[in-house]
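Asks: could you look at this predicted model? Sequence included:
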Amino acid sequence: MTTNTSATQSIKNRSRKWLSAGLGLGVLLLSGCVTIPPAIQGTTATPQQNLNLVRTDPKVFIGQEARFGGSVINVTNEAHRTRLEIASVPLDSGARPILGEPSQGRVIAYVNGFLDPVDFRGHLVTVVGPITGVEAGKIGRTPYDFVVMNATGYKRWHLEQQVIMPPVMGPWGYHYPGMWGPEWGGWYSPGPAQIQTIVTE
């Protein structure tokens, strides 16, 4: 009885190690495929993305290329350009706004030409371009200094819901090809599927 228990435990431990290795490889492969869309790659290798740093002394960063993204709060159409007010959040390696992250502050991005407010207000965007200064304004009744940039490129993102199925377990732990099949008693799901919201192009 002790021998069987030890063997079973050893198999379970081995299965967990294989599962961890498989998941790690999957994450590595996925991260290697993440690229920044050409429209927001910019002209420098590493555009400034730390809005908190820029807000400490915006004048120091005037002329430097920056890349910010987040939710569009307001859209104002001017004579030959569009003014986007963006609640900026951190970006991931693909320059997508990270969902659930708190705002780092507000950015004003001026885009040449006309952008329809219906297509942008409340949507996620990423903009890239040189920082041009600070614009005094208000958020509600509170005075606020907005970091301003001229957007040379922008990307509007979409939100999609993705169903994530839990890993399938067999009577001896997580199943992998080459171990056991359904003849060992069938497989069962350890929990319900999860729905995850992701940012896509």
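Replies: Right, received. Where do you want to start?
Asks: burial count for the spatially closest residue to residue 94 that is not a sequence neighbour?
Replies: Excluding its sequence neighbours, the residue lying closest to residue 94 (Cβ to Cβ, 6 or more residues apart in numbering) is residue 34, at 4.3 Å. (Each C-beta comes from the backbone N, C-alpha and C, glycine too.) Number of residues near residue 34 (other Cβ atoms under 10 Å) recorded here: 11.
Asks: look up how far residue 196 lies from residue 34.
Replies: 17 Å (Cβ to Cβ, to the nearest Å).
Asks: again, but for residue 89
Replies: Separation of residue 89 from residue 196 (Cβ to Cβ): 18 Å.
Asks: so which of those two has more stuff around it?
Replies: Taking other Cβ under 10 Å, residue 89 and residue 196 do not tie; residue 89 has more neighbours (21 against 10).
Asks: assess the claim that residue 145 and residue 138 are in contact.
Replies: No. Assessed by Cβ atoms under 8 Å, residue 145 is found out of contact with residue 138, at 10.3 Å.
Asks: okay, now the domains of the protein?
Replies: Domains of the chain are assigned by automatic domain parsing as 2-33+161-200, 38-156.
Asks: would you format these as a markdown table with mean pLDDT included?
Replies: As requested, the domains of the chain are exported to a markdown table (pLDDT from 0 to 100):
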| stretch | mean pLDDT |
| --- | --- |
| domain 2-33+161-200 | 57 |
| domain 38-156 | 97 |
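Asks: alright, that wraps it up for me.
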